[in-house]
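> here is a sequence together with a model predicted from it:
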Amino acid sequence: MSPMRARAIALGALGCAAALAALGCRCVGGEAKTRGGIPQGRPCDCSHHPLAGRLDALARAARVTDDGPARDGGRLVVHLEAEPPHLMSLVRSDAWIRRLTGHEVFESLVRTDPRTMEVVPELAESWETSPDGLRIVFHLRHDVLFHDGTPLSARDVEFTFDRVFDPSVTADSLREDLKVVRSVKATSDYDVELLVERPYFLLFETLGFVPILPRHVYATGDLNKHPANRAPVGSGPFRFETWDTGEQIVLRRNERWWGGRAHLDEIVFRVVRDRAIGYQMAKRGDIDLLPRVTPDQVEEYLADPAMVARFAPVTLDTPDFAYLGFNTRRAPFTDPRVRRAMTMLVDRGAILCSLERCLSHIVAQPWPDGHPAHDPSIEPLPYDPAAALALLAEAGWVDHDDDGLLDRGGMPFRFTLLVAVQSKTIQQMATIVQQDLAMAGIEMDLALLDWSVFSERCRKHEFDVAAGMWSLRWENDFFGIFSTGGAQNYGQWSDPLADRILQDARAVLDPAERNARFRELAREIDREQPYVFTFSPRVVSLVDRRLVGARPSLEWFRLPALGWRDGPVPDGERAPTTPATTGTEARP
């Protein structure tokens, strides 16, 4: 065996030892023959998975999602697995910035009701739209105070949108989504006129992502580096209190919120980058809410009667999807045949049964099952190393020098995968992928980066392949992700047909016509494979059973609804006495 081939197999052996030994993986000569008892390439049958079944039973019995009754006051400690770079959702926003500040510290003209998914008033109490849909007049509430006591006015709204459209402000994603907006002007102290060039079906939903800023706070200085980005001033139900870097971010109840009083006095977001440590802190009683636990932790939770007695699971099926994103401007991923072959070298079925424990499902397109834009004719590509190697050979990638690595023109097939260090499950998945690629003659190195560094590298297109996940709304147009030059098109994929569909579909207000176009886009994405689509997760949170109002949604938890139950935990909240399940294998 050549030295290079030996190194590739050694990488696979290390990956198996690190990620799969505890899952029943049987390694022979450094090559995994199974994944948690599931042979490579064998479909994963999740229909009778014991882990998911017991979790569902506990979630159905939980009462933590009840609206109340809640007592006034108290402190809640929430696990924060990735410390955000700042707390200004207008500037280089990410999922954690939005969760901490969106509609909680900052507010918008409108928001999406997490239960009905309808757009409802927030800072704008009403609005009128012209018959042609090109002019909207918003009427602001008169009783809104920013956290420093200054009243909200229409000039704050105008100022905010001026910042959105200022090219020096790194609000690229919002600016892209609001390209249709011609102007936003204050016409009186409490009236705002918004003009658009053409209709956009997600206009109101997008307005719900624009935090209205107090002009007197943010008007001076560079908004990208403003000191208030780490000590934000908004108008929402919670105000910023303190930020101890690397330790915690604290929000306090806004006693002058126009919407009434939140139940809790204080919410502490404890920064613990390692989910395993966060879980142990919850066991000790130091954390009350774990927003996202791994499949390994779900298994550990179900086997621990004390944890089941204290915490209730809350689950949410989301349209989010995880992916391996190719930088399509870097060889060898400029070739769609190579990208398709890479997808066929990822054994998603085995990963689903072992690492994911059937708490996710395999996806092959951006729109989730059940959405009208989902195309049922698109099925996930199978795990098929032979077909993948044939495609790679067609693209010129074969082992010409018999060193165990594919090569073309004297260049070996070698690349680096970027992974955020906070995601242990993705790290484990990457290790399995690394092993399978090594057996196919492809060398993949792993670069584990802190979330802020990972995000910056992606934005600057400084990667070969990146493992990530999109946190999505139910309705999306994916313009920023898949259009040429899109603000979130980190892989720089460019496809004329996709560009045309994305541009045209935005102006189509008829859902049936628009979704037909999106299905055409999904087929083009399937042909071109700019991503390896992997899984759409079921998000599992663990919530102290004494809490109420812990109703998850695509907008995360609504913080003002959270509170400590006023009275004893009801009988219906106590966990069923089903025996704990210790096996993790799916039953074929």
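Yep, that arrived. Residues are numbered from 1 along each chain as shown.
> and residue 414, what are its bridge partners?
Beta-bridge partners for residue 414, by DSSP bridges, are residue 443.
> thought it was touching residue 406?
No: between residue 414 and residue 406 there is no contact, the gap being 9.3 Å when judged by CB atoms under 8 Å. C-beta here means a position set from N, CA and C on the backbone, and glycine is covered the same way.
> what do these two both touch?
residue 442 (CB atoms under 8 Å, 6 or more residues apart in numbering).
> which one's more surrounded, those two?
residue 406 (24 against 16; other CB atoms under 10 Å).
> and that one, how far from residue 492?
To residue 492, residue 406 is 24 Å away according to CB to CB, to the nearest Å.
> what does residue 135 give?
On the measure of CB to CB, residue 135 and residue 492 end up 37 Å apart.
> more neighbours: which of the two?
Per other CB under 10 Å, whichever of residue 135 and residue 492 has more neighbours is residue 492, with 17 against 14.
> now the more buried one: closest residue in space, sequence neighbours ignored.
residue 329 (4.7 Å; CB to CB, 6 or more residues apart in numbering).
> I figured that neighbour hits residue 461, correct?
Yes: using CB under 8 Å, residue 329 is in contact with residue 461, at 7.1 Å.
> hey, which strand is longest across the protein?
Longest strand in the chain by number of residues, with DSSP state E as the criterion: strand 535-544.
> average pLDDT across that strand?
Confidence for strand 535-544, expressed as mean pLDDT, is 91.
> so which elements touch whichever helix or strand comes after it?
Downstream of strand 535-544, the next assigned helix or strand under DSSP states H and E is strand 547-548. Counting contacts by 3 or more CB pairs under 8 Å, 6 or more residues apart in numbering; DSSP states H and E, strand 547-548 is packed against strand 563-564.
> what stretches of the stretch 201-350 of the chain score poorly on pLDDT?
Within the stretch 201-350 of the chain, no stretch has pLDDT under 70.
> ranges for the helices of it?
203-207, 215-218, 275-284, 295-302, 305-310, 336-344, 348-354 (DSSP state H, counting those that start in this stretch).
> swap in the stretch 451-588 of the chain?
Read by DSSP H, counting those that start in this stretch, the stretch 451-588 of the chain holds these helices, from start to end of the chain: 451-459, 479-482, 496-506, 511-528.
> output the lowest mean pLDDT helix or strand found in this structure.
Of all helical and strand segments in the chain, the minimum by mean pLDDT, DSSP states H and E falls on strand 27-28, at a mean of 26.
> which ones are touching residue 502?
By CB under 8 Å, 6+ apart, the contact list for residue 502 reads 477-479, 482-483, 521.
> now do 6 Å
479, 483 (CB atoms under 6 Å, 6 or more residues apart in numbering).
> quick check: it vs residue 518, distance?
Look at residue 502 and residue 518: by CB to CB, they are 9 Å apart.
> how many neighbours does the residue nearest to residue 492 have?
The number of residues packed near residue 329 is 12, by other CB under 10 Å.
> pretty sure it is touching residue 490, no?
No: between residue 329 and residue 490 there is no contact under CB atoms under 6 Å: 10.8 Å.
> thank you kindly, that will do.
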